[in-house]
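Visitor: build me a structure from this.
(2 chains)
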Amino acid sequence: MTADTTGDMTADMAAAGPDVPLLEAVGLRRGYPLPRTSLTGRRARREAVRDVSLRVEEGAALGIVGESGAGKSTLVRLLLALDRPDAGTVRYRGREVRPGRPSSLRWFRREAQIVLQDPMSSLDPRMTVARAVAEPLRALGVAGDRAATAARVAEVLTAVGLEPEMGRRYPHEFSGGQRQRIAIARALAPRPRILVGDEPVSALDVSVRAQVLDLLARLAATEGLTLIVVSHDLGVVRHLCDQVLILHEGAVAEHGPTARVLTDPAHPYTRRLLDAVPRLPV
Amino acid sequence: MRLLEVEDLTVRFGDSTVVAGVRLSLGAGERLGLIGESGSGKTLTALAVAGLLPPGAAVTGSVRFEGSELLGRRERAIAPLRGAGIGFVFQEPLTALNPLMRIGAQIGEPLRIHRGLSRRAARGAAAELAARVGLPDPERIVRAYPHQLSGGQRQRVGIAIAIAARPALIVADEPTTALDVTVQAEILRLLTALVEEEGSALLFISHDLAVVAQVSRRLAVMRAGRVVEEGPTLDVLRDPREPYTRQLVAAARATSWNPQETPS
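Guide: Down below sits the predicted model:
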C-alpha cells in the first residue's frame, strides 16, 4: 500500500484553489525521430504534439477530435503520463503528473483510467473476466480482501450491464460490444475520477456503438466521472461531450463548447471536417 | 437481361453458412448499396460476384454477369472478366497493391492484359488515369511505389486500377473505411463522378449507412447471411420495414446530424 502518496495528494488538493481544474496541460510538446532515410544524414523529427494546452473541469466531458496523424494518441499518452513530453506539464488537481516509476504514479493511475479501441487486444485471452477486472484493483493496491474484491468486480460488471456470473467466462466467449463493456468495467473498478476513451466505439458495429455510447454517458452521470473521449468521429463526440478540442497537425485548431464548435466553427479546418462528415439524406 | 443477377447465392465454410440464399440484381449503370454489420456476409457476397472467394468456400446458387453464369466456371474462364467486366476496389489499398511494383505498372496492368496494350502504351495510359483520379503530378507518381503514397492517394490508385479497362460493373468493398473523414469525402465524390462518366454499375459495400446513402440509389440490407430488406435508398431510410433496418437507421441517426440542427 502507498499511504504516503495518498496523503500527499490530499495535501495538494487542500492547497489547490477552487478554480484549479481537475486536469490541466500547459504547453505540451512531443516529437519523434523519423526512421533514417540515409546512412550519414541526420534523422528528421516529426512534431506530433506542438504546444497543446487544455483544461478539463471536474464532471466535464471533453472530446478530442482529429484525423490520423493529428496527434490524438500522443496527446492522450502525455495526459496520462504514459509518455514524457519534450516540454510542458500536466497537472491533476494542481499536482504535477510526471512519467516515472510505476510506484510514483500509482496515485494518478487510481484517478485516471483508460478504455482502448480494441477490447480483444486489451483483454488477456487466458484470464477470466473476473480476474481481468480485479487486476487493476490489485495492481493499484486498492483490492482489500478477497470478498471485497469479488464484491467490487460484481458491482462494476452489473454497472456496465453484464451479469456478475459472467465473470467466470473468458473474453472470447463475448461479443465485441460485451467485451468493450468488460473493458469499461475494468477501468471503473478502482473508482477513477477520469475515464479516458481512446476511440472507444470505433471497432464496434453501428447498432452496438449507440448502446456503448449510452452506457458511457450514463456512467459519467451516475458515477460523477469526468470523460475524455478521443475520436476521429464527430458524431461520437457530439453524442457524449460538452466540450470539444479539434486537433490538426499536432496543434489545437479549436477548443470550446461542442454546441458552438459544431454549429459555428471558427477555424477553417473544423469547417472542412464538418463538411466532410457523411450525413443521412433524410 | 440485367447486368448482374445473383440468385440463391449460398457460401459455406465447413458447417457454417455465411451467405444464405442471397438474391440481388443490378442493371447497367445502376448503383446498389449493400449494407450490413460485421459477419453479415456482405463482403463474401461481393467476393463471390467477382469470383474471388477464398479456397475452402463452398458456393451454390447462381451469379450471372451479362447473362453468363460465373459460378462453377474454372479460374481460367473467370480471370478475363476480372478487370475487363468487373472492377474491384478493396478496403485496404496498401494490402491490395503490390509493394514491389511501380504505381504506373499496376494501373497499366489491366490494360495490357485485357486491352492488349504494349508496355509503353500502358504506361502512357496509366499517367492519364492517374490524372483522372486526381493524383497530383501524375507523370512522377506513376514511377513511385505504394509506400511512398498517402492512404487517400493509394485508394485513388486502387480506383484507377478498377476503372482502367472500363468494366461494366465496379464492386467497391468498404473503399473508404480505412480513410480519414475528409479523405473519405473526396474519394466518395471521385468514385461517384467516375461511375457516372463511365456509365458503369456500382455495387458498394459498407457498414456505414450515411456513406452508402451518398453513393447508391438502392439499398440492400444484409444480416446473418441474408438480404432482409431491399428498396430505394430514401424509402428504406424514411420507412424501414424490418425491425433490424429500423435499428440500423436509428443508430446511424444517433451519430449523424444536420449542420443546421443544434447538438443535443
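Visitor: longest helix anywhere in chain A?
Guide: Across chain A, the longest stretch assigned as helix under DSSP state H is helix A:206-223.
Visitor: cool, chain B as well?
Guide: From DSSP H, the single longest helix across chain B is helix B:181-198.
Visitor: give the rounded mean pLDDT of that helix.
Guide: Averaged across helix B:181-198, pLDDT comes to 92.
Visitor: again, but for stretch B:43-51
Guide: 92.
Visitor: now stretch A:216-223
Guide: Mean predicted confidence for stretch A:216-223 is 93.
Visitor: before we move on, what about stretch A:81-88?
Guide: Per-residue scores along stretch A:81-88 average to 95.
Visitor: residues of it that come out buried?
Guide: A:81, A:83, A:85, A:88 (16 or more other C-beta atoms under 10 Å in any protein chain shown). (Each C-beta comes from the backbone N, C-alpha and C, glycine too.)
Visitor: what secondary structure does residue B:19 sit in?
Guide: strand (DSSP: H, G, I helix; E, B strand; the rest coil).
Visitor: my guess is it contacts residue B:48, does it?
Guide: Yes. The pair residue B:19 / residue B:48 is scored as a contact, 7.0 Å apart, by C-beta atoms under 8 Å.
Visitor: ok, those two, which is more surrounded?
Guide: Taking neighbours as other C-beta atoms under 10 Å in any protein chain shown, residue B:19 and residue B:48 compare with residue B:19 leading, 28 against 23.
Visitor: relative to residue B:40, how far out is the more buried one?
Guide: 9 Å (C-beta to C-beta, to the nearest Å).
Visitor: how about residue A:221?
Guide: 33 Å.
Visitor: centroid-nearest residue for the chain?
Guide: Picked chain A for this. In chain A, the C-alpha closest to the average C-alpha coordinate belongs to residue A:196, at a distance of 1.6 Å (C-alpha atoms, centre = their mean).
Visitor: that's the wrong chain, I meant chain B
Guide: residue B:172 (0.9 Å).
Visitor: picking up where we left off before, near chain B, anything from the longest helix of chain A?
Guide: Yes. Helix A:206-223 comes into contact with chain B (C-beta under 8 Å from any C-beta of the partner chain), by way of A:206-207, A:209-210, A:213.
Visitor: what secondary structure does the residue nearest to residue B:108 when sequence neighbours are not counted sit in?
Guide: In this structure, residue B:108 finds its nearest non-sequential neighbour in residue B:122, 3.2 Å apart by C-beta to C-beta, 6 or more residues apart in numbering or on different chains. Using three-state DSSP, the structure places residue B:122 in helix.
Visitor: same check, this time on the one 5 residues further on
Guide: The three-state assignment at residue B:127 reads helix, by three-state DSSP.
Visitor: hang on, the earlier thing: common neighbours of residue B:19 and residue B:48, please.
Guide: Shared contacts of residue B:19 and residue B:48 (C-beta atoms under 8 Å, 6 or more residues apart in numbering or on different chains): B:9, B:11.
Visitor: and of the buried residues of stretch A:81-88, the nearest to chain B?
Guide: Closest to chain B out of those is residue A:83 (23.1 Å), distances taken as C-beta to the nearest C-beta.
Visitor: so what's that closest one up against?
Guide: Here residue A:83 is in contact with A:30, A:74, A:77, A:99 (C-beta under 8 Å, 6+ apart).
Visitor: now name the helix or strand holding the residue of the stretch 101-250 of chain A found nearest chain B.
Guide: Using C-beta to the nearest C-beta, the closest approach of the stretch 101-250 of chain A to chain B is made by residue A:235 at 3.1 Å. Secondary structure assigned from DSSP states H and E places residue A:235 in helix A:234-240.
Visitor: any stretches of chain A with poor pLDDT?
Guide: A:1-18 (pLDDT under 70).
Visitor: any idea how far residue A:31 lies from residue B:12?
Guide: 52 Å.
Visitor: wasn't residue B:23 part of a strand?
Guide: Yes. Counting by three-state DSSP, one finds residue B:23 located in a strand.
Visitor: bridged to the residue nearest to it when sequence neighbours are not counted, which residues?
Guide: Once flanking residues are discounted, residue B:23 sits nearest to residue B:7: 5.4 Å by C-beta to C-beta, 6+ apart. With DSSP bridges as the criterion, residue B:7 is bridged to residue B:62.
Visitor: go on, residue B:172?
Guide: residue B:89, residue B:204.
Visitor: start to end distance for stretch A:121-140?
Guide: Terminal residues of stretch A:121-140 are spaced 21 Å apart (C-alpha to C-alpha, to the nearest Å).
Visitor: may I have the helix or strand hosting residue B:159 as PDB, with CA atoms only?
Guide: Residue B:159 belongs to helix B:151-164 when elements are defined using DSSP H and E. The C-alpha coordinates for helix B:151-164 follow below in PDB (Å, rounded to 0.1, in the frame of the first residue of the first chain):
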ATOM      1  CA  GLY B 151      -3.700   6.300 -47.800                       C
ATOM      2  CA  GLY B 152      -6.000   8.500 -49.800                       C
ATOM      3  CA  GLN B 153      -3.600   8.500 -52.800                       C
ATOM      4  CA  ARG B 154      -3.300   4.700 -52.600                       C
ATOM      5  CA  GLN B 155      -7.100   4.400 -52.800                       C
ATOM      6  CA  ARG B 156      -7.100   6.700 -55.800                       C
ATOM      7  CA  VAL B 157      -4.700   4.200 -57.400                       C
ATOM      8  CA  GLY B 158      -7.000   1.400 -56.400                       C
ATOM      9  CA  ILE B 159      -9.800   3.200 -58.200                       C
ATOM     10  CA  ALA B 160      -7.700   3.900 -61.200                       C
ATOM     11  CA  ILE B 161      -6.900   0.100 -61.500                       C
ATOM     12  CA  ALA B 162     -10.500  -0.800 -61.100                       C
ATOM     13  CA  ILE B 163     -11.700   1.500 -63.900                       C
ATOM     14  CA  ALA B 164      -8.700   1.100 -66.200                       C
END
